[in-house]
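J.: show me the folded form of this:
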Amino acid sequence: MLSQKNRPQTGDTQNTYKDGDGGVDATASRDRDALPHPDDNARQEDFPEAAVCSPSPVASSIVSSVASDVPRFPGLILEATAFNRQQLVHAGAPQVALAGRSNVGKSSLINALAGRKALAKVSATPGKTRSINYYRLRDAEAFLVDLPGYGYAKCSHEERQKWGELLQFYFCNTPGLRSVAVLLDARLSPQKADKELMAYAAGLGLPTLAVFTKADKCGKKELAATLHAWEPLIGKESQVITSARSRTGLDALEQRLTRLLLA
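T.: Presented below is the predicted three-dimensional model:
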């Protein structure tokens, strides 16, 4: 499995993954060195070692507050798509990775951020995103990087293994990666695969931003229960509540992403 000790840590982060008691989950940092499996029955052995982690000047923390002078998030342009290591690009450019379960609404959120209906293809079948997609900010050499979803994708063992190798290589060989935005369904309690991804990112010294999606589809009590369940794991300052349909929270998310990418 991928060894995390070869990737230098960049100091304390405000949003280090925590255990259920509020303390740092040292076991997660040391031993959970495999990405979530692309289906519900995640297995670490399906992710063989892809590459030795190289130094990455990631941000030391997620910004806990956003000043009023932060510019609005620029438009997005799909610039590149990668299905293998050779097609990965812009390793040194500032970028934030978007990760989440196959049905969490990543494509819809990307379209909402861009103000376009079909920039990212929205499918009724979860798991259609099977590549790493680079969306460039229109007026900057900075990127939102859409990663393949995990959790419901129906594919062969061989294809899942290829995804795992590609994602591990991306995480460990992208010095410009500043944060991982983990998209979470606001209607669901913490899921195993989501917690494993956050632990994996924390073990690499990567800050995470929890982006709750589909807030329009749950009531206030349901949303409050979800946030309460996640709070011991991620804290309050590293989360944004959004809805692509109602545009709830998109301004706040635009500001957070802009600050991470352009600061």
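J.: in stretch 184-203, what's buried?
T.: For stretch 184-203, a neighbour-count test (16 or more other CB atoms under 10 Å) marks 184-188, 190-191, 193-203 as buried. Every C-beta, even on glycine, is put in place using the N, C-alpha and C of the backbone.
J.: what about it, start to end distance?
T.: Using CA to CA, to the nearest Å, the span of stretch 184-203 from its first residue to its last is 20 Å.
J.: find the nearest non-adjacent residue to Arg187, please.
T.: Using CB to CB, 6 or more residues apart in numbering and skipping residues adjacent in sequence, the residue nearest Arg187 is Cys218, 4.6 Å away.
J.: quick one: the one you found and Ala224 touch, right?
T.: No. The pair Cys218 and Ala224 fails to qualify as a contact (CB atoms under 8 Å) at a distance of 9.6 Å.
J.: break down the stretch 101-250 of the chain into its helices, ranges please.
T.: For the stretch 101-250 of the chain, the helices defined by DSSP state H, counting those that start in this stretch cover 106-114, 157-172, 192-203, 220-234, 250-262.
J.: can you put those helices in JSON lines and add mean pLDDT and distance to Thr242?
T.: Listed next are the helices of the stretch 101-250 of the chain as JSON lines, based on pLDDT from 0 to 100; distance: least, CB to CB, whole Å:
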{"stretch": "helix 106-114", "mean pLDDT": "88", "distance to Thr242": "7"}
{"stretch": "helix 157-172", "mean pLDDT": "84", "distance to Thr242": "23"}
{"stretch": "helix 192-203", "mean pLDDT": "92", "distance to Thr242": "16"}
{"stretch": "helix 220-234", "mean pLDDT": "92", "distance to Thr242": "11"}
{"stretch": "helix 250-262", "mean pLDDT": "92", "distance to Thr242": "6"}
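J.: the lengthiest strand in the chain pairs with which strands?
T.: Ranked by residue count under DSSP state E, the longest strand found in the chain is strand 177-185. Paired with strand 177-185 in the same sheet, following DSSP bridges, are strand 95-100 (parallel), strand 208-213 (parallel).
J.: averaged pLDDT, that strand. What do you get?
T.: Per-residue pLDDT over strand 177-185 has a mean of 96.
J.: quick one: low-confidence parts of this protein?
T.: Applying pLDDT under 70 to the chain flags residues 1-74, 118, 122-129, 152-155.
J.: for the nearest residue to Leu119 once chain neighbours are set aside, give its distance to Leu253.
T.: Computed as CB to CB, 6+ apart, the closest residue to Leu119 that is not its neighbour in sequence is Asn111, at 5.3 Å. Separation of Asn111 from Leu253 (CB to CB, to the nearest Å): 13 Å.
J.: same check on Leu184?
T.: 13 Å.
J.: find residues that contact each of these two.
T.: Common contact partners of Leu184 and Leu253 (CB atoms under 8 Å, 6 or more residues apart in numbering): Val211.
J.: I'd assumed Arg130 was in contact with Leu166.
T.: No. If you go by CB under 8 Å, Leu166 and Arg130 don't touch, sitting 9.9 Å apart.
J.: more neighbours: the two, which one.
T.: Neighbours around Leu166 and Arg130, counted as other CB atoms under 10 Å, are more numerous at Leu166. The numbers are 22 against 16.
J.: the more buried one and Leu183, how far apart?
T.: 19 Å.
J.: same question, Pro148
T.: Distance from Pro148 to Leu183, by CB to CB: 13 Å.
J.: do Arg256 as well
T.: Taken as CB to CB, the span from Arg256 to Leu183 is 13 Å.
J.: returning to that earlier point: dump the strands paired with strand 177-185 to CSV, plus mean neighbour count.
T.: Shown next, in CSV, are the strands paired with strand 177-185 (neighbours: other CB atoms under 10 Å):
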stretch, mean neighbour count
strand 95-100, 25
strand 208-213, 25
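J.: from what I can see Ala244 touches Asn111, true?
T.: Yes. The criterion here is CB under 8 Å, and Ala244 meets it with Asn111 at 7.0 Å.
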